[in-house]
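Engineer: sequence and predicted structure are below.
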Amino acid sequence: GENVEQHPSTLSVQEGDSAVIKCTYSDSASNYFPWYKQELGKRPQLIIDIRSNVGEKKDQRIAVTLNKTAKHFSLHITETQPEDSAVYFCAEATGGGADGLTFGKGTHLIIQP
Amino acid sequence: GAVVSQHPSWVICKSGTSVKIECRSLDFQATTMFWYRQFPKQSLMLMATSNEGSKATYEQGVEKDKFLINHASLTLSTLTVTSAHPEDSSFYICSALRTNGELFFGEGSRLTVL
C-alpha cells in the first residue's frame, strides 16, 4: 500500500447520532481495508474489515463501504454511544494484509452526552 | 479473538542502554509479525516486517542496526532497541498475522529513555 488519507481528524457527534469517517487510498492493488479502534494507551482493536470483492459489510451498529473505482472506503457507526469515543484508524494493504498495513492518521471520535 | 502478548508494557532506561521487547502470539502460529511505532496522538508507523526464520524487512528510514528484530519461532518475535536515546522514546506495538489474514496487536510497550 501507499498513502492513506483519513478525514476528519476529529469528529464530535451527539450520543445517538451517526458518525462517518472516510479514507482514500492511492494504490489500485490494495485489496484489504480494516478499521481499528484504539482507546488511550491501549492496543488497536480490529472492529471491522472489508476485502475488495465486496462493496459493503455490516456488523450491528458498524458498517464499512468500499468504492474501488473512487478508491475510498468509509466507516459508519449508527446510534453512537459514549463507549464509542476513541481514535479510529483506517488501514489498507495489498496481498490481503500479509505485507503489513498502511494506516491513516486517525480520527478522534468524541461522543457528546 | 486471538491473543498477542507484548512484554514489557512499559520500560524506563538510561541513554546508551539496550532494551528488548517481546511479542508472542499465544494461541496461533504467526509466520509474520510486524513492529510499529506510535508517537503521542499520531498514527502507527510500520517499522519492519518480521518473518520467522529469516531476516526482517525494514521500512525506509528505519535503522536495522538500531532496531534489531529476531523472529526465532512461530510464536515469538523480539525487538531490541540498541544504544537507546531519548528520541527513541515512543510506544512500540507489535502485531501478528494469522493465516486467515487477520492481524492482531499486542498491548504495546511504552519506552522512555532518560
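Structural biologist: Here it is on my side, so go on.
Engineer: in space, what's closest to the residue nearest the centre of chain B - neighbours in sequence excluded?
Structural biologist: A centroid search over chain B (C-alpha atoms, centre = their mean) returns B:Trp35, at 3.8 Å, as the residue closest to the centre. Nearest non-adjacent residue to B:Trp35, counting by C-beta to C-beta, 6 or more residues apart in numbering or on different chains: B:Met47, 4.6 Å away. In short, each C-beta sits where N, CA and C put it, glycine included.
Engineer: quick one, what contacts that neighbour?
Structural biologist: B:Trp35, B:Tyr36, B:Arg37, B:Tyr58, B:Glu59, B:Val62, B:Phe67, B:Leu79, B:Tyr92 (C-beta atoms under 8 Å, 6 or more residues apart in numbering or on different chains).
Engineer: isn't the fifth one up against B:Arg37?
Structural biologist: No. Counting by C-beta atoms under 8 Å, B:Arg37 is not a contact partner of B:Glu59; they are 9.8 Å apart.
Engineer: and those two? which has more neighbours close in?
Structural biologist: Higher neighbour count among B:Glu59 and B:Arg37: B:Arg37, with 20 against 15, using other C-beta atoms under 10 Å in any protein chain shown.
Engineer: who touches the helix or strand harbouring that one?
Structural biologist: Mapping B:Arg37 onto the secondary structure by DSSP states H and E places it in strand B:32-38. Applying C-beta under 8 Å, 6+ apart, the external contacts of strand B:32-38 come out as A:98, A:100-101, B:23, B:25, B:44-52, B:67, B:69, B:71, B:77, B:79, B:90-97, B:103, B:108.
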